[in-house]
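> this one's structure only:
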């Protein structure tokens, strides 16, 4: 009997508090509520995936994600994980609108199968890199003390790239940028900034914010999803007018979305989040972007260290990503490190001894 036959599955809803409130143009939360999903093969090998609730997908409640995963798990029992693509494609056909749950199912399946073959996901993806430097997220806080404290702590830990949430009042946005810049102390000349609008900006307000940052000596390297996710025309206008690369995030949920963005020239970078599209579709989105001469960013939602593993391994294995935003575990108050990757300040990498 084949040891790669899926024998059983399990799922659980759990909540993890954040170190500080997470605030964007889309809302605020103090904890993340995720769904962990595990598949077990006949030979005892286990694979794990995690569906993360998100402010950007607030309609996908954890209980609903858990129900979707229960259905996917039941349909997978007795099937062979050594032939994962049919199972994955079937799951996306049925549940493309519940991306985080479908992605968690796919990640668990591929994790179990690669482990059963003595491989890590990173090696299966190509094994290009052993480590990458991530940015750190600064929420859209308005409290100067909170902003300064979070930025100073991150700088002391070695972070040099800051992704700052903007899209509120213009005066609050530029003041937040200046506070983060000032809190970094002597390392200010090494800092790089990403402006993450979460759909809360306009073409003119994004350009004004970039100019205000330039006058303050703040180096902006990327503007992430400044406009609404359906505003292809506005994003194209900003991409054309801005000297700073513009990234599509919420705008790209699938390879088809990536094609539309590329054809409309609505961005110069695509942010891939495994929670939105899964691993195999992430490779398809990357192929579209690379063929169109676009840059790539890898992001995350609010996964724990264990749930972030597939994204870390995708980035390390392919070496595709010029912008790295893999910091969700670092924003959690209580989180057990994953044995399958390691963090040293801003650096994410493979463990000293691969776990399979």
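Arrived safely, thanks for sending. None of these values were measured; they are calculated from a predicted model.
> can you give me the helices for the stretch 251-356 of the chain?
255-264, 274-291, 305-318 (DSSP state H, counting those that start in this stretch).
> and these, which is most packed in?
Most buried of the helices of the stretch 251-356 of the chain by mean neighbour count (mean count of other C-beta atoms under 10 Å) is helix 305-318; its value is a mean of 26. The C-beta positions use only the backbone N, C-alpha and C, and glycine is treated the same way.
> what is the distance between that one and the centre of its chain?
10 Å (C-alpha atoms, centre = their mean, to the nearest Å).
> same question for stretch 162-177.
Taking the mean of its C-alpha atoms, stretch 162-177 sits 21 Å from the chain's own mean (C-alpha atoms, centre = their mean).
> could I get the helices of the stretch 251-356 of the chain as CSV with mean pLDDT and distance to residue 81?
Converted to CSV, the helices of the stretch 251-356 of the chain look like this (pLDDT from 0 to 100; distance: least, C-beta to C-beta, whole Å):
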stretch, mean pLDDT, distance to residue 81
helix 255-264, 98, 23
helix 274-291, 97, 14
helix 305-318, 98, 15
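> what would the ones you listed look like in JSON lines with distance to residue 163?
JSON lines is the format used below for the helices of the stretch 251-356 of the chain (distance: least, C-beta to C-beta, whole Å):
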{"stretch": "helix 255-264", "distance to residue 163": "20"}
{"stretch": "helix 274-291", "distance to residue 163": "17"}
{"stretch": "helix 305-318", "distance to residue 163": "15"}
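> closest to residue 205 out of these?
helix 255-264 (21.1 Å; C-beta to C-beta).
> look up phi and psi at residue 231.
phi -90, psi 70 (degrees, to the nearest 10).
> how much space separates the most centrally placed residue in the chain from residue 312?
The centroid of the chain falls nearest to residue 300 when counting by C-alpha atoms, centre = their mean (1.6 Å). According to C-beta to C-beta, to the nearest Å, residue 300 stands 9 Å off from residue 312.
> shared neighbours, the two?
Taking C-beta atoms under 8 Å, 6 or more residues apart in numbering as the criterion, residue 300 and residue 312 both touch residue 326.
> so for residue 189, which of the helices of the stretch 251-356 of the chain sits nearest?
Nearest of these to residue 189, taken as C-beta to C-beta: helix 305-318 at 26.8 Å.
> got the contact list for the strand or helix carrying residue 213?
Using DSSP states H and E, residue 213 maps to helix 203-215. Outside of helix 203-215, the residues within contact range by C-beta under 8 Å, 6+ apart are 166, 170, 173-174, 177, 193, 195, 197, 201, 220, 223, 226-227, 234, 237-238, 241-242, 244.
> out of those residues, which sit inside strands?
193, 195, 220, 223 (DSSP state E).
> and those residues, which are buried?
The neighbour-count test (16 or more other C-beta atoms under 10 Å) marks 193, 195, 220, 223 as buried among the ones in strands among the contacts of helix 203-215.
> hang on, residue 113 in a helix?
Yes: the assignment for residue 113 by DSSP: H, G, I helix; E, B strand; the rest coil puts it in a helix.
> I figured it hits residue 4, correct?
Yes: taking contacts as C-beta atoms under 8 Å, residue 113 lies within contact range of residue 4: 6.4 Å.
> same drill for these two, tell me which one is more crowded.
residue 113 (24 against 20; other C-beta atoms under 10 Å).
> list the residues that contact the more buried one.
4, 41, 47, 81, 82, 84.
> checking the third one next. Helix, strand or coil?
Which is residue 47. Residue 47 ends up strand, using three-state DSSP.
> name the nearest residue to it, sequence neighbours excluded.
Excluding the flanking residues, the one nearest residue 47 by C-beta to C-beta, 6 or more residues apart in numbering is residue 112, at 2.8 Å.
> kindly tell me how buried that neighbour is, as a neighbour count.
By other C-beta under 10 Å, the residues close to residue 112 number 24.
> for residue 62, same thing?
Residue 62 has 19 nearby residues by other C-beta under 10 Å.
> separation between it and residue 111?
Using C-beta to C-beta, one gets 21 Å for the distance from residue 62 to residue 111.
> now residue 181
For residue 181, the distance to residue 111 - C-beta to C-beta - is 40 Å.
> compare neighbour counts for those two and give me the winner.
residue 111 (26 against 19).
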